[in-house]
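**Q** Take this sequence and fold it.
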Amino acid sequence: MHNMGFEHGENTGSALLLVLVVGVALLLYHASTSTWLPPFEKQLANFHPAFAQGLAVFHDFRLGKFYKPWKSGPPVVLVTSKKHIAEFSEVTCLSQQAVYADMFGFKHTMENLEHDRLDHKVVRNRFNNRLLEVKGPAHLEALYPNFVSRFEDSWNKAMKNGRAVKGGGISIPATNMCRNLSTRMISLIFFGERLTSDETFVGELMQYSRDMVNCMIAFQITPEFLSPIIHRIITRGGRAMKSLTRQFTDIMGTGRTSWNETKSIKECTILHNMTTLSESSSYWTGPAMNAQNMLGIWFAASHQPWMNLNFILLEVCARPDWQEALRREIEDNGPLDDYRKLDGLQLLDSFMKETVRLHPLDTLGIRRKAVLPYNFTDGTIKVPQGATVCVPAYDMLHDPSRYPNPQKFDGARFIPKNQTNDQVRFTKVAHDFPMWGYGSLACPGRFHAALVIKVVLSQLLMRYDMSLESEKAGRKWSWETFAMPYESTRIVLRERSQVS
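**A** You can find the predicted model right below:
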């Protein structure tokens, strides 16, 4: 893997400026914890607004709130009715990309992606839906044997991070394991066997995703004018992004014919199909534009699955009764030697869905930013330009009128009484289960994410009895509205006496 550290003398000025910013921040923090400061806060605020902003940020850190923007953000408009959700999810001037451009700094992290052009929203959405949602399931079915083989190889690597425990078994850090397994498996669907057998390439894929998240966190607590410097320092000058962009551009351009991959695998990869589908479109102007789109799709596909896998796996470990029930379902359905058998496990689907219901990754969902003012058609809600429209996902998922006894975990909650009801599906899009978004902008890669989680869970369930190393270990912490896993949480795996 490329050396991801600074070269001698690189970014010296930027590093010094960052040290200065951090130094001032630490001074403010220590000041905010001192007993002598409160009487003088008003005087400091009057001296310069920056003092008040800095103190507010670090008071929030002190109180465990973790996040406070440097300036007041635009208003957030919350909607909960199915009618309103269906309406705002399809309105062109309410942009999904603009929300995440603000959050993740696409100007810096995604090669200056143009997120605010209204014509881009429709074209990109249709293209990505056709690429992932229409063609995706058939490609997943074709690649399923390769996918299981990739798990075997990836699992052997993951086991090297384990340590023996008393009484037999092995202890493994759950977060690192889930991140690595998920990335190595889903990268197969994107880029094929040959590319993703290159450890340098896989390392850059992982690094880019980490860079995006780290920048998102840093951008929220630093003034906007420092964003280019912060990005350059965190990402080592955007090394992973630039390297991946070069490789994507080459393979989707002049290097397409020389891409050394088995034909049956290549034709099922997202990389190949993105190139093929874009040939008939006047919108896609070449491999560079495709490479930019690939960066965005890769981040979305690589980040959410491992996070959900982590929280679902921890729930499995904490609930031995449900663990055994899930294992029985797998055994009753015979060897999971094809995609449809695995995809048809209703209890596994329901357990995954119930975990996400209780512990959503984001307390808000279906976010859209108003790039123009918008009034809902019934006249009840007016959205000013710059505002964010979204649903209160956590509140909806814990609403007793939608989910009886919502604080209780029920792994079979979504199993339908009527077998024709498909609400059990983890990938089902619904207004009152906003994990996947809604309408035409619902996550087109949800089938890919579900397959990653199901393969890992089913394979581990059949091989091991699983538990938390410590029942008291924290599972998550909060950053703004987001749930983040602890890197330190470990699980214990003990081989079953009989593995089916």
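
**Q** What are the boundaries of the strands in the stretch 351-500 of the chain?
**A** Using DSSP state E, counting those that start in this stretch, the strands of the stretch 351-500 of the chain run over residues 365-370, 374-375, 382-383, 388-391, 464-468, 476-479, 482-485, 490-495.

**Q** Let me have those strands in a markdown table, adding mean pLDDT as columns.
**A** Putting these into a markdown table (pLDDT from 0 to 100) gives the following:
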| stretch | mean pLDDT |
| --- | --- |
| strand 365-370 | 93 |
| strand 374-375 | 96 |
| strand 382-383 | 95 |
| strand 388-391 | 94 |
| strand 464-468 | 97 |
| strand 476-479 | 84 |
| strand 482-485 | 89 |
| strand 490-495 | 96 |
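
**Q** do you know which of these lies nearest Thr257?
**A** For the strands of the stretch 351-500 of the chain, distance to Thr257 was read as C-beta to C-beta. The smallest value, 40.5 Å, belongs to strand 365-370. Backbone N, C-alpha and C define where each C-beta goes, glycine included.

**Q** quick one: pLDDT of the residue nearest in space to the middle of the chain?
**A** Taking C-alpha atoms, centre = their mean as the criterion, Gln304 is the residue nearest the geometric centre of the chain, at 2.5 Å. Note on Gln304: pLDDT of 89.

**Q** Then the one 10 residues further on?
**A** The confidence metric pLDDT takes the value 98 at Leu314.

**Q** dump the residue contacts of it.
**A** 174, 468, 475, 489, 491 (C-beta atoms under 8 Å, 6 or more residues apart in numbering).

**Q** CA atoms only for stretch 325-344, dumped as PDB, please.
**A** This file holds the C-alpha atoms of stretch 325-344, laid out as PDB (Å, rounded to 0.1, in the frame of the first residue of the first chain):
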ATOM      1  CA  ALA A 325     -33.600 -19.300  16.200                       C
ATOM      2  CA  LEU A 326     -31.700 -17.800  13.300                       C
ATOM      3  CA  ARG A 327     -29.500 -20.800  13.100                       C
ATOM      4  CA  ARG A 328     -32.500 -23.100  13.000                       C
ATOM      5  CA  GLU A 329     -34.000 -21.200  10.100                       C
ATOM      6  CA  ILE A 330     -30.700 -21.600   8.100                       C
ATOM      7  CA  GLU A 331     -30.500 -25.300   8.900                       C
ATOM      8  CA  ASP A 332     -34.200 -25.800   8.000                       C
ATOM      9  CA  ASN A 333     -33.600 -24.300   4.600                       C
ATOM     10  CA  GLY A 334     -30.700 -26.600   3.700                       C
ATOM     11  CA  PRO A 335     -27.300 -25.500   2.400                       C
ATOM     12  CA  LEU A 336     -27.300 -21.900   1.300                       C
ATOM     13  CA  ASP A 337     -25.800 -22.700  -2.100                       C
ATOM     14  CA  ASP A 338     -27.600 -20.000  -4.100                       C
ATOM     15  CA  TYR A 339     -28.600 -16.400  -3.800                       C
ATOM     16  CA  ARG A 340     -32.400 -17.000  -3.700                       C
ATOM     17  CA  LYS A 341     -32.200 -19.400  -0.700                       C
ATOM     18  CA  LEU A 342     -30.300 -16.900   1.400                       C
ATOM     19  CA  ASP A 343     -32.500 -14.000   0.200                       C
ATOM     20  CA  GLY A 344     -35.600 -16.000   1.300                       C
END
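
**Q** List the buried residues for that stretch?
**A** The neighbour-count check on stretch 325-344 (16 or more other C-beta atoms under 10 Å) flags 326-327, 329-330, 336, 339, 342-343 as buried.

**Q** repeat for stretch 373-382
**A** 374, 376, 381.

**Q** pretty sure the residue nearest to the centre of the chain is touching Leu361, no?
**A** Yes - counting by C-beta atoms under 8 Å, Leu361 is a contact partner of Gln304 at 6.7 Å.

**Q** just to revisit the earlier point, which helix or strand contains the residue nearest to the centre of the chain?
**A** helix 287-318 (DSSP states H and E).

**Q** quick one, that helix and strand 464-468 angle?
**A** 90 degrees (axes from the mean of the first three to the mean of the last three C-alpha atoms, to 10 degrees).

**Q** Using neighbour counts, pick out the buried residues of helix 287-318.
**A** 287, 289-318.

**Q** and the next element down the chain from it?
**A** Downstream of helix 287-318, the next assigned helix or strand under DSSP H and E is helix 320-332.

**Q** and that following helix, what does it pack onto?
**A** helix 287-318, helix 346-358, helix 446-463, strand 464-468 (3 or more C-beta pairs under 8 Å, 6 or more residues apart in numbering; DSSP states H and E).

**Q** and these as a markdown table, adding distance to Ile234?
**A** Putting the helices and strands packed on helix 320-332 into a markdown table (distance: least, C-beta to C-beta, whole Å) gives the following:
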| stretch | distance to Ile234 |
| --- | --- |
| helix 287-318 | 15 |
| helix 346-358 | 29 |
| helix 446-463 | 26 |
| strand 464-468 | 32 |
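
**Q** Averaging pLDDT over each of these, report the lowest-scoring one.
**A** With a mean of 91, helix 287-318 has the lowest mean pLDDT of the helices and strands packed on helix 320-332.

**Q** Centre of the chain to that helix, how far?
**A** The chain centre lies 5 Å from the centre of helix 287-318; the measure is C-alpha atoms, centre = their mean, to the nearest Å.

**Q** re earlier: between which two of the contacts of Leu314 is the distance greatest?
**A** Spatially, the most separated pair among the contacts of Leu314 is Arg475 and Ile491, at 10.8 Å (C-beta to C-beta).

**Q** the more surrounded of the two?
**A** In this view Arg475 and Ile491 are compared by other C-beta atoms under 10 Å, and Ile491 has more residues nearby, 27 against 18.
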